[in-house]
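> Give me the fold of what follows.
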Amino acid sequence: MKIAYNFAFFDEGSKREIRRAALKAIAIPGYQVPFASREMPIARGWGTGGLQLTLSLAGRDDILKVIDQGSDESVNAVNIKKLVSGTTGIPQTDSTAEATLIQSRHRIPEVPLKPGQILVLQVPIPEPLRPYEPSEHETKTLHAEKEYSGAWLMLFEQIMKYGTMTTNADHPVLVNGRYVMAPSPIPRFDNPKMDHSEALILLGAGREKKVYAVPPYTKVTSLDFEDFPFQKESFEGKSCRQCGAADVFLDELIDEKTGETYHQCNDTSFCLETLNGRAEAVRG
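Residues are numbered from 1 along each chain as shown. Okay, here's the model as predicted:
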């Protein structure tokens, strides 16, 4: 027997509650807004926070794109697309430029986002102060008092011990000059894309029951020091073996036949569109 779900799986009351949390998050950039995280047909920790935002925001005129660590065809991405499309009927696309609603895990697309688009990032740990303060009550107090010396001390210790900042992903950022925020486990390469983004960026943590946001054209600065500035991953002198793209986030792979190392675009749809001559035109 076929079960008829409500549009976008949730009842309308649940969607309204999640939207209210998202609106509050937009009004206070970088602030973590608690919400009543719903039970989902996937386990918490597998993107339920982002999925709840996507389902609550999806409209009949939307076009959906879902990526997981740069891939449109990973198990996580495919199953999320099946659930959203199966309960809404909205079309899917692999093209960043065509999508109105983009859900992502661990990456911001290479093609610049534009006004009217919404990027939803899946977040496992929304609290940037958690590595050195386990108490939720204390982290709330630190945010309220804008006491972030621990965050800088954590980075300072990394520099003293390893000679560099070792936050290869989820490097903390300062949003709108007020709240230190976890940008989700995106690579440092993607942090600058948040700064004055033309699209709305929403971040959802289902297990931790938090929603937060970076509204369009908001200043986002990666934490660093005057004498030790923030640096994203460098791929200077390297390019994608498949499409030839440079100045993008590249995966380092090994050719099984020759044993040689080569590089390839992490963003698979960008790579295919570049081969067809479309992505670089949009990006440029």
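
> check contacts around E198.
Applying CB atoms under 8 Å, 6 or more residues apart in numbering, one finds that E198 lies in contact with P112, L113, K114, P115, Q117, P216, Y217. For every residue, glycine as well, the C-beta is placed using N, CA and C.

> the longest helix in this protein is where?
Looking across the chain with DSSP state H, the single longest helix is helix 12-27.

> Give the buried residues for that one.
Within helix 12-27, the residues scored as buried using 16 or more other CB atoms under 10 Å are S14, K15, E17, I18, A21, A22, K24, A25, I26.

> Quickly note the distance from the first one to H171.
Using CB to CB, to the nearest Å, S14 is found at 33 Å from H171.

> Likewise for the fifth one?
Noted for A21: a distance of 25 Å to H171, by CB to CB.

> I159 and W152 touch, don't they?
No - if you go by CB atoms under 8 Å, I159 and W152 don't touch, sitting 10.5 Å apart.

> Mutual contacts of these two, please.
F225.

> Let me know the pLDDT of the most centrally placed residue in the chain.
For the chain, the residue nearest the mean C-alpha position is L121 (3.3 Å; CA atoms, centre = their mean). pLDDT for L121: 98.

> Out of the contacts of E198, who's the most crowded?
Q117 (23 neighbours; other CB atoms under 10 Å).

> what number of residues lie near the residue lying closest to D247 once chain neighbours are set aside?
Closest residue in space to D247, ignoring its immediate chain neighbours: F235 at 7.3 Å, by CB to CB, 6 or more residues apart in numbering. Residues near F235, counting by other CB under 10 Å, number 17.

> contacting residues around F235?
Counting by CB under 8 Å, 6+ apart, F235 makes contact with A246, D247, V248, F249, L250, H263.

> Do I have it right that the fifth one meets Q242?
In other words, L250. No - if you go by CB under 8 Å, L250 and Q242 don't touch, sitting 10.6 Å apart.

> what sits in contact with each of those two?
Q264, C265.

> Who has more neighbours out of the two?
Between L250 and Q242, counted using other CB under 10 Å, the more crowded position is L250 (22 against 15).

> Excluding chain neighbours, what is closest to that one?
Excluding the flanking residues, the one nearest L250 by CB to CB, 6+ apart is H263, at 4.2 Å.

> what's the domain layout of this protein?
Using automatic domain parsing, the domain ranges for the chain come out as 12-222, 235-284.
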